[in-house]
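Student: Here is my input, please return the structure:
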Amino acid sequence: MLALLDAMLLQPLMQIYADLLAALPGSMSAGSRLIVFSVIVNLLLTPVYLQMEKHSRNLRGLKDKVARDVERMRRHFRGRERYFYIRAVHRQYGYHPISALLASSELFVQILVFATVYRYLSGLDALHGQSFGPISDLSQPDGLLGGVNLLPIVMTAINGASVFAYVDDRRKRMQSSGLAALFLVLLYASPAGIVLYWTANNLFSLARNVIVRGSAVRLPARISRALTTLSEQR
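Tutor: Presented below is the predicted three-dimensional model:
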């Protein structure tokens, strides 16, 4: 089963990563290539993430409606009668408790991308002996703070800022915070090149959240101004 998964999913993704990185100009430094590679991967995944976020919001709204009706049934009915009324509520909304697992699809994609990118970059010979700014060797931990690795801390700080500024759902915020802490533990002693990739990844995610959230705020304001102008013209 694992061999089939590797052949059908992991290896094709690894090949895509290799092709994307190979398409970048050879004149770029190894660090710059990693940053651009991270941006490209994120751009390709952005429609997927946005669609999953939309689905997650819709599912949370549906779950809230079901919970309100189920609570009303719990207050007014008992025993088998309560059971059948609750089932009727679920059928009415087309909801099944297992649907909550679908809300974790974004987490699954993040873990899949993390695992495959980590595997690919860990075996990338092009990082050996390559410097980037104050980092002397991208194939080794950065040790920029007197032996303490700085990049993993910066990466986690950016991720944490994005989570607490733009994730409203409490469950998803806890999930994202746990994932950020897990990334810190897993990546702290990793080669600087891998952590540089994920630092750029987190910066891109933060920028995407700023743009998407800003658009969500500005668009209703623009519509309101347009309606006001139209009303005044009349």
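Student: ok, so what distance separates residue 53 from residue 3?
Tutor: 33 Å (C-beta to C-beta, to the nearest Å). From N, CA and C alone the C-beta is placed, and that goes for glycine too.
Student: Pick out whichever of the two has more residues nearby.
Tutor: Using other C-beta atoms under 10 Å, the more surrounded residue of residue 53 and residue 3 is residue 53, with 14 against 7.
Student: Just say helix, strand or coil for the more buried one.
Tutor: State at residue 53, reduced to three classes by DSSP: H, G, I helix; E, B strand; the rest coil: helix.
Student: Quick check, pLDDT for it.
Tutor: Note for residue 53: predicted pLDDT of 75.
Student: what about it, distance to residue 201?
Tutor: Counting by C-beta to C-beta, the gap from residue 53 to residue 201 is 17 Å.
Student: do the same with residue 61
Tutor: For residue 61 relative to residue 201 (C-beta to C-beta), the value is 29 Å.
Student: Among the two, which residue is more densely surrounded?
Tutor: Using other C-beta under 10 Å, the more surrounded residue of residue 61 and residue 201 is residue 201, with 25 against 10.
Student: so that one touches residue 37, yeah?
Tutor: No: applying C-beta atoms under 8 Å as the test, residue 201 and residue 37 come out as separate, 9.9 Å apart.
Student: quick one: what helix or strand has the residue nearest the centre of the chain in it?
Tutor: Of all residues in the chain, the one closest to the mean position by C-alpha atoms, centre = their mean is residue 110, 5.5 Å from it. Mapping residue 110 onto the secondary structure by DSSP states H and E places it in helix 105-122.
Student: Now do the buried residues in that helix.
Tutor: For helix 105-122, a neighbour-count test (16 or more other C-beta atoms under 10 Å) marks 106, 110, 113-114, 116-118, 120-121 as buried.
Student: Stretch 72-88 too?
Tutor: 73, 85-86.
Student: Could you do stretch 13-20 as well?
Tutor: Going by 16+ other C-beta under 10 Å, stretch 13-20 has these buried residues: 13-14, 17.
Student: cool, and stretch 184-200?
Tutor: 184, 187-188, 190-200.
Student: Just the ones of those residues in helices?
Tutor: Judged by DSSP state H, the subset of the buried residues of stretch 184-200 located in helices is 184, 187, 192-200.
Student: Quick one: mean pLDDT over stretch 197-214.
Tutor: The average pLDDT within stretch 197-214 is 83.
Student: So which bits of that stretch are buried?
Tutor: Buried residues in stretch 197-214 (16+ other C-beta under 10 Å): 197-206, 208-209.
Student: what do you get for stretch 46-59?
Tutor: Within stretch 46-59, the residues that count as buried by 16+ other C-beta under 10 Å are 49, 52, 56.
Student: what angle separates the regular element (helix or strand) spanning the first one from helix 105-122?
Tutor: Remark: residue 49 resides in helix 30-76, with elements defined by DSSP H and E. Orientation note: helix 30-76 sits at an angle of 160 degrees relative to helix 105-122 (axes from the mean of the first three to the mean of the last three C-alpha atoms, to 10 degrees).
Student: Tell me the gap between helix 30-76 and the middle of its chain.
Tutor: 9 Å (C-alpha atoms, centre = their mean, to the nearest Å).
Student: counting contacts, what elements does that helix pack onto?
Tutor: Counting contacts by 3 or more C-beta pairs under 8 Å, 6 or more residues apart in numbering; DSSP states H and E, helix 30-76 packs against helix 11-22, helix 79-93, helix 105-122, helix 192-233.
Student: Thanks again, I'm all set now.
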